[in-house]
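Undergrad: Could you look at this predicted model? Sequence included:
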Amino acid sequence: MDIRLKIPSYRKKPLLPLLDRGRGAMSCPMLNIFSILIGLVALVLAIPALIPVISLMNWIVFPIALVGFVVGLLSSKTSGRNLNIIILIVSGLRLFLTGGLI
């Protein structure tokens, strides 16, 4: 006797086809390069923003890294997305600890 749960055919499709990494994914590998470039710009701006006097620059870095993260989500690779996640965590934590982001 087979007791497996049968999944209806309408549930086999991915809920968000852009985020599906399968064969039918709608993604572009060039978006990963674009995401890495955005992340590098944010990284260059984030390094001096760690200095206490220039910490207001994190308000510029955070949205740039957020845009790079969204572009990295649409890519078929994950390196650009991961770079922007690290920059988002560092700049967001810096804003949170200094009271800039509550």
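TA: Here it is on my side, so go on.
Undergrad: check contacts around Gly68.
TA: 35, 38-39, 42, 80, 83-84, 87 (Cβ atoms under 8 Å, 6 or more residues apart in numbering). C-beta: built from backbone N, CA, C; applies to glycine.
Undergrad: which non-adjacent residue is nearest Asn82?
TA: Closest residue to Asn82 apart from its sequence neighbours, by Cβ to Cβ, 6 or more residues apart in numbering: Gly72 at 7.6 Å.
Undergrad: Isn't that neighbour up against Leu88?
TA: No: between Gly72 and Leu88 there is no contact under Cβ atoms under 8 Å: 10.7 Å.
Undergrad: Neighbour count for these two, which is higher?
TA: More crowded of Gly72 and Leu88, by other Cβ atoms under 10 Å: Gly72, with 25 against 21.
Undergrad: The more buried one sits in which helix or strand?
TA: Using DSSP states H and E, Gly72 falls within helix 58-73.
Undergrad: helix or strand right after that helix?
TA: Per DSSP H and E, helix 58-73 leads on to helix 79-97 as the next helix or strand towards the C-terminus.
Undergrad: Residues touching that following helix, excluding its own?
TA: Counting by Cβ under 8 Å, 6+ apart, 31-36, 38-40, 42-43, 46, 49-50, 55, 58-59, 61-62, 65-66, 68-69, 71-73, 75, 100-102 sit against helix 79-97.
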